[in-house]
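# here is a sequence with its predicted model. Questions after.
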Amino acid sequence: MVLAGFSLNIQAQKALIEWEPVSFCLAKARFRSKLFNVAVFAVYETTRVSSEQAVYTFYTELNEAVKKTPERDHLIIGGNLNAQVGSREANGDKSLGIHGYGERCEREIRLVQFTPANNIVIAKTLYRHKPSHVIMWRSRDGKTSSQLDYLLVSSRWRSSVQNCRAYRGLDRGSQCGSDQTLVKMFVKIRLVARKRKEPPNRFDIARLKEQAVVEQLCL
């Protein structure tokens, strides 16, 4: 079973406000930043052999979780979405850049419906890279390749994204048993540690021995 989750460094741990395991395929975490909070969703869309009902359930849960996120939050969604979205030149979608990969088919419609409906752009399609930095998955025999993993951001915060590409060889093959590739996005965000709550005032139990205090409490 594949689960969606997070791995945080010390800085991210200190900035963590809350996190929520929405389902096996969806997890949410919010972080404190200098000017706004950052909401990050880790996702794993069901495989291509899954039923349409499973895909519908996944996008329903994701859409509801996004709608509950404060509008001012910097929204980032990342993970395996099992889709090839093509490019804006071919499909005319505002949520896409002109550097998409592959040809869209019926299965991908839910993703390209979800992104514009929530004012989200697909970061990987915004930047031009050579094929080896675009392909996210390759079959074991090397004959089939695809772009299944994505990083999505709020269109409002699109200017904070500086680059997005795949890094082959870091997360596949014999190293960790994965046939997929690490995808990295560079975002200009400054996380800040959340303020520690002041400890509550402790009761001075020793004062209960004072006669004046005893008389006052007995009134």
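Yep, that arrived.
# wait, residue 167 sits on residue 149?
No: counting by Cβ atoms under 8 Å, residue 167 does not reach residue 149; the two are 11.4 Å apart. Heads up, the C-betas are built off the backbone N, CA and C, glycines and all.
# so the two - more neighbours on which side?
Remark: of residue 167 and residue 149, residue 149 carries more neighbours, 21 against 13, as counted by other Cβ atoms under 10 Å.
# hang on, isn't the more buried one packed against residue 184?
No: Residue 149 lies out of contact with residue 184 (Cβ under 8 Å); the separation is 10.7 Å.
# can you pull the residues that touch both of those two?
Shared contacts of residue 149 and residue 184 (Cβ atoms under 8 Å, 6 or more residues apart in numbering): residue 166.
# next structured bit after the one helix or strand in the chain whose mean pLDDT sits lowest?
Lowest on mean pLDDT, DSSP states H and E among the helices and strands of the chain sits helix 88-91, with a mean of 53. Using DSSP states H and E, the helix or strand that directly follows helix 88-91 along the chain is helix 109-117.
# would you mark the buried spots in that next one?
110, 111, 112, 114, 115 (16 or more other Cβ atoms under 10 Å).
# show me the two of those residues that sit farthest apart.
Spatially, the most separated pair among those is 110 and 115, at 10.0 Å (Cβ to Cβ).
# list residues touching both of residue 167 and residue 149?
Common neighbours of residue 167 and residue 149 (Cβ under 8 Å, 6+ apart) are 181, 183.
# counting by contacts, list what the longest helix along the chain packs against.
Scanning the chain for the helix with the most residues, using DSSP state H, yields helix 52-67. With contacts taken as 3 or more Cβ pairs under 8 Å, 6 or more residues apart in numbering; DSSP states H and E, helix 52-67 sits against strand 16-23, strand 26-32, strand 37-44, strand 74-80, helix 109-117.
# outside of it, which residues touch it?
22-23, 25-26, 28, 41, 43, 45-46, 75, 77, 107, 110-111, 114, 117-118.
# for PyMOL, what selects the buried ones among these?
Buried members of the contacts of helix 52-67, defined by 16+ other Cβ under 10 Å, are picked up in PyMOL with:
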select buried, resi 22+25+26+28+41+43+45+46+75+77+110+111+114+118
